[in-house]
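Student: when you get a sec, could you give me coordinates for this:
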Amino acid sequence: MDEFLVSSYYANLTPEVMRFAKKVSSDAKNKIEAAVKIFSFVRDLKFGASPIYRASQVLKHLNEPLICASKAALQVACYRALGIPSRFHVWKVKVSDNTIQRINQLLFAESKKKLKSSWILYHVAAEVFLGRWIVSDATIDKALCSVFRVFDWDGMRDVFMDGFDYLEDLGSFADIPKFIVRLSRGSFLPFYLRPFSRLIIRSFNKKLNFMFDRLRNLSQKYC
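Tutor: Here you go, the predicted structure:
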């Protein structure tokens, strides 16, 4: 368990992260309650497209959209700061047809251009040891409830991200795997486009976050 309790590159236990974890869980009576409070806080940070930040960097971007791996980095680091073993779990996923259909109904009903369902992604979430290893996926924030089911967590059952088909379980890791970091920086692009990867990714992220903000604006009507 030692490697799941200590600082790693992305789940870095800086003094700021340590203080933050203790503050969020300050009135918890036990480790399960503390883990639930950390989960709830991280879940309600905006989900969206961003670089993969280290936990200490996430604290500087709490009001901005955060990719799943960045949210998981803060979550894992906070669990470890409280003496709760935690690690990263990775899957290959696909945006489900139902999710694509729902987004098209809400945002593109009057448009000839529709969102397509061919997105294959690599998803990262926190996994925590509370008597057994439990998936504690805090990716989707409550304000996206017009499309996704957003779950609470009791500290005892697995919670997975809604709205995606899970294609392949790639296992658990003490830190965010390097192949995930490379993908986030554009290694999936054809070689002739890689010199422009920052520009391409920045443009894509901007469009995706704009779409999520439009969906959040519908939350009061549909949730």
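Student: now the helices for this structure?
Tutor: 15-24, 31-43, 55-58, 68-81, 97-107, 178-184, 197-216, 219-222 (DSSP state H).
Student: next up, the contacts around Met1.
Tutor: If you count contacts by Cβ atoms under 8 Å, 6 or more residues apart in numbering, Met1 has them with 85, 129. Where C-beta positions appear, they are placed from N, C-alpha and C, glycine not excepted.
Student: now Tyr79
Tutor: 21, 35, 38, 85-86, 126, 128.
Student: which pLDDT value does the model give Ser219?
Tutor: Looking at Ser219, its pLDDT is 86.
Student: ditto for Leu215
Tutor: Taking Leu215 on its own, its pLDDT is 95.
Student: try Ala55
Tutor: 98.
Student: can you report how many residues neighbour it?
Tutor: By other Cβ atoms under 10 Å, 28 other residues sit near Ala55.
Student: burial of the residue lying closest to it once chain neighbours are set aside, as a residue count?
Tutor: Nearest residue to Ala55, sequence neighbours excluded (Cβ to Cβ, 6 or more residues apart in numbering): Ala77, at 3.5 Å. Ala77: 29 surrounding residues under other Cβ under 10 Å.
Student: and Ala77, how far is that from Ser111?
Tutor: According to Cβ to Cβ, to the nearest Å, Ala77 stands 41 Å off from Ser111.
Student: one more: Cys145?
Tutor: Cys145 is 23 Å from Ser111, by Cβ to Cβ.
Student: these two - which one has more neighbours?
Tutor: Ranked by neighbour count (other Cβ under 10 Å), Cys145 and Ser111 place Cys145 first, with 18 against 9.
Student: next up, the contacts around the closest residue to the more buried one other than its chain neighbours.
Tutor: Excluding the flanking residues, the one nearest Cys145 by Cβ to Cβ, 6+ apart is Cys223, at 3.9 Å. With contact taken as Cβ under 8 Å, 6+ apart, Cys223 is in contact with 142, 145-146.
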